[in-house]
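**Student:** Any chance you can model this:
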Amino acid sequence: MIKKRALIAEDEPILSLTLRQMLEKLWPELSLCSVVENGVDAVKEALTQTPDILFLDIKMPGKTGLEVAEELAEEWPENSAFPLIVYVTAYDEFAIQAFDHSASDYVLKPVSEERLSKTVQRLQMRLRDQSQPGTELERVLEQLRHMMPAHMHARGSATPKPLHMIRAAVGNQIRMIPVEDVLYFEATDKYINVVTKEHSSLIRSSLRDLLPQIDSDVFWQIHRSTVVNSRKILAAHKDDSGKLTLKLKDSDDKLTVSRVYTHLFRQM
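**Tutor:** Numbers count the residues shown, from 1 in each chain. Got it, this is the predicted structure:
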């Protein structure tokens, strides 16, 4: 029998050690292929190791557990079955939402052996029942579509004021950009590239800070690093492999739509 392999992404050393020790006791046949402390390493190791199960801390440095799941859903090799995901969280309301939307499972901090035992049983059952390789990926994509907006909104304690004008530094000058003129926003490391018909400008911000300030009915996130002005979309094209690309008005730029957000264009 082929051993199943798991990856743990948890930034609290004591909790990580406790989780490993409990898994060794409850599921001795399970092999831990990697243990990491942040979301960036979680993505890197998961794509390298292609484990069967991921234990993802919801709130960790670099990337959250949901951001890790989203990036893996986009980058996962087509010839490998997508892993089952268990979210590790201190927030009960998030856990309930995750379970309601068909997360493989969740465990609350501090992890109890009794709760983890139930998780192990569910995982073993799911692994036995897996049929088609793409089934788990589609289920995770649907789960992310339900969970990502609420998670992004929960990042801040208060709702920021709506953004109407963007101030971008260009040399020694400040460029004033009306939000309605923006074709799309593209995250680049610690900056956002603000693209209009006439020019592009960098602002020091992140999409997680920007998203609560712009109208989600107009600006659609189509990728973990891209938000497009829906009023500037001319057409959506799907190639033979199912990859979706957007063509914009007044621009030759073509934007790739992540698997997580393809549902936005089903009626187009």
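
**Student:** hey, where'd the strands end up in the stretch 101-250 of the chain?
**Tutor:** For the stretch 101-250 of the chain, applying DSSP state E, counting those that start in this stretch gives strands covering 105-108, 165-170, 173-178, 182-188, 191-196, 200-203, 219-223, 226-229, 233-238, 244-248.

**Student:** how many other residues sit next to residue 207?
**Tutor:** Residues within reach of residue 207, counting by other C-beta atoms under 10 Å, total 17. To be clear about C-beta, it is placed using only N, CA and C from the backbone, and glycine gets the same treatment.

**Student:** Now do the contacts for it.
**Tutor:** Residue 207 makes contact with 185, 187, 192, 221, 224, 225, 227 under the criterion C-beta atoms under 8 Å, 6 or more residues apart in numbering.

**Student:** Skipping adjacent residues, who's closest to the first one in space?
**Tutor:** Distances taken as C-beta to C-beta, 6 or more residues apart in numbering put residue 227 closest to residue 185, at 4.5 Å, once the chain neighbours are dropped.

**Student:** That neighbour touches residue 213, doesn't it?
**Tutor:** No. Contact criterion C-beta atoms under 8 Å: residue 227 and residue 213 do not qualify, at 11.1 Å.

**Student:** Give me the more crowded residue out of these two.
**Tutor:** Between residue 227 and residue 213, counted using other C-beta under 10 Å, the more crowded position is residue 227 (22 against 16).

**Student:** Report the beta-bridge partner residues of that one.
**Tutor:** residue 185, residue 221 (DSSP bridges).

**Student:** Also residue 201?
**Tutor:** Beta-bridge pairing for residue 201 (DSSP bridges): residue 194.

**Student:** tally of neighbours for it?
**Tutor:** 19.

**Student:** What separation is there between it and residue 192?
**Tutor:** Per C-beta to C-beta, to the nearest Å, residue 201 is found 9 Å from residue 192.

**Student:** next one: residue 113
**Tutor:** Applying C-beta to C-beta, the value for residue 113 to residue 192 is 44 Å.

**Student:** for residue 215, same thing?
**Tutor:** Going from residue 215 to residue 192 by C-beta to C-beta gives 16 Å.

**Student:** Check residue 143 too.
**Tutor:** 27 Å.
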